[in-house]
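A.B. asks: From the sequence below, what's the structure:
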Amino acid sequence: MARTSERLFVKIAHRGASAYEPENTIRSFRRAIELGADMVELDVRRSLDRCLVVIHDSKVDRTTNGRGLVRLKSLAEIKELDAGMGESVPTLEEAFETAAGKTKFVIELKEDGLENQVIKVIRDYCEMEDVFIVSFKPQRLKAVKELEPVLKTGIILFASTDPLRIARMCGADAVAPFRWFITKNLADRARDAGIYLFTWTVDDRDKAMRLREIGVSGIVTNRPDLI
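C.D. replies: Numbers count the residues shown, from 1 in each chain. I've put the predicted structure just below:
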């Protein structure tokens, strides 16, 4: 797998084109595709009736006109909420129906135990090679690899003295430290190890260009039209 990330630089639309549209909505995903995103990042949780819904927070309060925990609401109850500009909270299936074949996906697992269900939906709706599964928790990525070894995974980190070691420990194909901790040395070592190096969240064009120059594989951005 060595040096697979050498010339790669992708724009990953953070919760869709969330600088312009309500985050994690169909409207936001469509706008990201229109603006040339290489990948769309979205967050997955489970409703009370075990449906996969695309929402970042554990509560609906910040991103909808409702209140309460996602896991204590049925899909029907969640669907009644306004996620901004009249948009509803989509299911993972609806996100794939909208965007599969038009872009690739980065799916962040926000809870434990979602792996098997998420993988089943991926199999039903799109190609395995079009998806990265990411998480802050290494055990979730290990579970993904055990269930479906061909799926690419990425470990998200805020700060670490050795992010590549953590990536290797959980078998991740990518590592994504926060942008403050990206260095040329880390980019070189990631490339030599065949591990993709992504970072988040970059909404400034000059910063994005500098990151590309030092060898970062891609950025997560709220503005997929940044470059």
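A.B. asks: Residue 199: which element?
C.D. replies: strand 196-199 (DSSP states H and E).
A.B. asks: give me the low-pLDDT residue ranges for this structure?
C.D. replies: 1-7 (pLDDT under 70).
A.B. asks: which helices and strands sit right next to the strand holding residue 199?
C.D. replies: strand 174-177, helix 184-193, strand 218-221 (3 or more C-beta pairs under 8 Å, 6 or more residues apart in numbering; DSSP states H and E). In short, each C-beta sits where N, CA and C put it, glycine included.
A.B. asks: Adding mean neighbour count, write these out as JSON lines.
C.D. replies: Formatted as JSON lines, the helices and strands packed on strand 196-199 follow (neighbours: other C-beta atoms under 10 Å):
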{"stretch": "strand 174-177", "mean neighbour count": "25"}
{"stretch": "helix 184-193", "mean neighbour count": "16"}
{"stretch": "strand 218-221", "mean neighbour count": "26"}
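A.B. asks: Using JSON lines, lay out these together with distance to residue 134.
C.D. replies: Formatted as JSON lines, the helices and strands packed on strand 196-199 follow (distance: least, C-beta to C-beta, whole Å):
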{"stretch": "strand 174-177", "distance to residue 134": "7"}
{"stretch": "helix 184-193", "distance to residue 134": "15"}
{"stretch": "strand 218-221", "distance to residue 134": "10"}
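A.B. asks: Select, out of these, the one closest to residue 90.
C.D. replies: Nearest to residue 90, of all those, is strand 218-221, at 19.3 Å by C-beta to C-beta.
A.B. asks: Alpha carbons of that closest one, as CSV, please.
C.D. replies: C-alpha atoms of strand 218-221 as CSV (Å, rounded to 0.1, in the frame of the first residue of the first chain):
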residue,chain,number,x,y,z
GLY,A,218,-7.2,16.3,1.6
ILE,A,219,-9.2,18.7,3.7
VAL,A,220,-12.6,18.6,5.3
THR,A,221,-14.2,22.0,4.6
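A.B. asks: strand partners of it, parallel vs antiparallel please.
C.D. replies: strand 10-14 (parallel), strand 196-199 (parallel) (DSSP bridges).
A.B. asks: Run the chain-centre distance for that strand.
C.D. replies: In this view, strand 218-221 has its centroid 10 Å away from the chain centroid, taken as C-alpha atoms, centre = their mean, to the nearest Å.
A.B. asks: quick one: contacts of that strand?
C.D. replies: Applying C-beta atoms under 8 Å, 6 or more residues apart in numbering, the external contacts of strand 218-221 come out as 8-14, 38-39, 41, 106, 176, 179, 196, 198-203, 208, 211-212, 226.
A.B. asks: List buried members of those residues by neighbour count.
C.D. replies: 9-14, 38-39, 41, 106, 176, 179, 196, 198-202, 208, 211-212, 226 (16 or more other C-beta atoms under 10 Å).
A.B. asks: Who are the contact partners of residue 169?
C.D. replies: Counting by C-beta under 8 Å, 6+ apart, residue 169 has contacts residue 138.
A.B. asks: Mind jotting down where the strands sit in this protein?
C.D. replies: 10-14, 39-46, 52-54, 104-109, 131-135, 152-157, 174-177, 196-199, 218-221 (DSSP state E).
A.B. asks: would you list those in CSV and tack on distance to residue 77?
C.D. replies: CSV is the format used below for the strands of the chain (distance: least, C-beta to C-beta, whole Å):
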stretch, distance to residue 77
strand 10-14, 27
strand 39-46, 14
strand 52-54, 11
strand 104-109, 22
strand 131-135, 26
strand 152-157, 29
strand 174-177, 33
strand 196-199, 34
strand 218-221, 30
